[in-house]
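> for reference, the sequence and a predicted model appear below.
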Amino acid sequence: MTQLEARQVKAVELDILTELDRVCREHQLSYALAYGTLIGAMRHSGFIPWDDDIDVYMPRDDYEKLYELWQQGALGEHYSLVSYRDRTSINSYCKLVDTRTRAVESFLDESAGNLGLWVDIFPLERVDITDPAVHRAARRGHRLVWWKYIAASNPRYATSTARRIIKYMLYPVTRFADLYAISRRQDELARACHRSSVENPDNERYVLLLDDIMSRNIIRPEELFPTRTASFEGREFAIPAQAEKLLEDYYGNWREVPPEDQRPPAHMRSVEWVADTPFGE
């Protein structure tokens with residue numbers, strides 16, 4: 001096994017994203033770069049220098065089609081979708097991973113599993129934003145996100161002393177939590193809100209219910225579609241139609257590079273190349 005350097009980690013992740021883009025193009029599926037990856041594309045034409053993962057949005061219908069395509073063998077030889085569905089990941093959403101790698105996440109307990117390097121794929125539910133059930137699901141879902149994060153976290157790793165103390169206090173209870181059952185419930189709540197169409201177009205929104213806070217992830221259809229492309233590490237990938245607006249709504253002044261003490265920590269503690277063939281061959 002070979003320990004991968006930061007530049008090698010990013011090269012693998014870029015290839016994973018390229019594989020996702022290939023499958024989506026071949027099968028007419030929609031996706032778009034999201035969060036820090038979208039900032040990277042818009043501000044740096046690639047990775048944010050201190051970032052080490054890739055995030056994308058995908059509408060729920062296309063997300064489920066991608067899962068079916070993976071089951072049918074449409075992905076490349078070294079790629080797999082992992083999630084709670086087959087207990088290959090504790091996450092409620094899918095990660096597209098390179099199976100030739102093993103990554104240890106920064107704040108998770110080792111018992112939560114070590115995945116290959118990944119691209120996070122966050123499903124967006126099409127909803128009627130005036131439906132009270134959507135907002136109830138968002139509140140319940142966010143509580144589950146918080147509970148699972150605490151349950152999966154290793155108390156030894158935290159971004160502050162206060163967080164470490166909280167983790168140690170809760171660990172005797174949370175260590176018995178069924179992380180796969182929590183993720184299943186998250187996914188059930190989200191899918192129950194999804195609609196193939198919304199009767200009143202003025203009320204139609206795309207929302208993220210599986211992770212993060214829904215109120216920060218409410219997207220009008222015209223803000224997402226039609227997607228356009230942007231350069232990311234020399235390759236072209238899909239981004240939301242109104243990428244600049246979405247970033248401003250979520251981050252505020254995203255164009256300004258934050259000072260070092262305000263940059264988020266790395267997602268991974270270590271990454272190994274575990275394939276029989278040497279890295280790069």
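Looks like it came in fine.

> in this protein, which spans are helices?
Counting by DSSP state H, the segments of the chain that form helices are 6-26, 35-39, 60-71, 132-152, 161-174, 179-193, 221-224, 243-251.

> mean pLDDT lowest for which of those helices?
Looking over the helices of the chain, mean pLDDT reaches its minimum on helix 161-174, with a mean of 57.

> ok, residues contacting stretch 198-217?
The contact list for stretch 198-217, computed with CB atoms under 8 Å, 6 or more residues apart in numbering, reads 57, 59, 92-93, 122-130, 134-135, 137-138, 141-142, 145, 186-187, 189-190, 193, 218-221, 224, 249-250. For every residue, glycine as well, the C-beta is placed using N, CA and C.

> tell me the most buried of the helices of the chain?
When you average the neighbours per residue for each of the helices of the chain (mean count of other CB atoms under 10 Å), helix 35-39 leads with a mean of 23.

> same for that one, what does it pack against?
Using 3 or more CB pairs under 8 Å, 6 or more residues apart in numbering; DSSP states H and E, the elements in contact with helix 35-39 are strand 54-59, helix 243-251.

> the first one pairs with which strands, parallel or anti?
Pointing back at strand 54-59 there. strand 32-33 (antiparallel), strand 118-128 (parallel) (DSSP bridges).

> mean neighbour count and mean pLDDT added to these, as TSV?
Compiled in TSV, the strands paired with strand 54-59 are given as follows (neighbours: other CB atoms under 10 Å; pLDDT from 0 to 100):
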stretch	mean neighbour count	mean pLDDT
strand 32-33	26	98
strand 118-128	23	98
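
> which among those is found nearest to Leu69?
strand 118-128 (12.5 Å; CB to CB).

> now do the closest one: distance to the chain's middle.
For strand 118-128, the gap between its own C-alpha mean and the chain's C-alpha mean amounts to 8 Å (CA atoms, centre = their mean, to the nearest Å).

> circling back: now the helices of the chain as CSV including distance to Trp118?
Putting those into CSV (distance: least, CB to CB, whole Å) gives the following:
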stretch, distance to Trp118
helix 6-26, 7
helix 35-39, 12
helix 60-71, 14
helix 132-152, 15
helix 161-174, 24
helix 179-193, 15
helix 221-224, 23
helix 243-251, 21
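
> which stretch among these approaches Ala103 most closely?
helix 6-26 (8.0 Å).

> for that closest one, C-alpha coordinates in PDB please.
Taking Å, rounded to 0.1, in the frame of the first residue of the first chain, the C-alpha atoms of helix 6-26 are listed here in PDB:
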ATOM      1  CA  ALA A   6      -2.400  15.700  -1.700                       C
ATOM      2  CA  ARG A   7      -1.800  16.300  -5.400                       C
ATOM      3  CA  GLN A   8      -2.400  12.500  -6.000                       C
ATOM      4  CA  VAL A   9      -5.600  12.600  -4.000                       C
ATOM      5  CA  LYS A  10      -6.900  15.400  -6.100                       C
ATOM      6  CA  ALA A  11      -5.900  13.600  -9.300                       C
ATOM      7  CA  VAL A  12      -7.900  10.500  -8.300                       C
ATOM      8  CA  GLU A  13     -10.900  12.600  -7.300                       C
ATOM      9  CA  LEU A  14     -10.800  14.500 -10.600                       C
ATOM     10  CA  ASP A  15     -10.900  11.100 -12.400                       C
ATOM     11  CA  ILE A  16     -13.900  10.100 -10.400                       C
ATOM     12  CA  LEU A  17     -15.700  13.300 -11.300                       C
ATOM     13  CA  THR A  18     -14.800  12.700 -15.000                       C
ATOM     14  CA  GLU A  19     -16.300   9.200 -14.800                       C
ATOM     15  CA  LEU A  20     -19.500  10.600 -13.300                       C
ATOM     16  CA  ASP A  21     -19.600  13.200 -16.100                       C
ATOM     17  CA  ARG A  22     -19.100  10.500 -18.700                       C
ATOM     18  CA  VAL A  23     -22.000   8.300 -17.400                       C
ATOM     19  CA  CYS A  24     -24.300  11.300 -17.100                       C
ATOM     20  CA  ARG A  25     -23.500  12.500 -20.600                       C
ATOM     21  CA  GLU A  26     -24.100   9.000 -22.100                       C
END
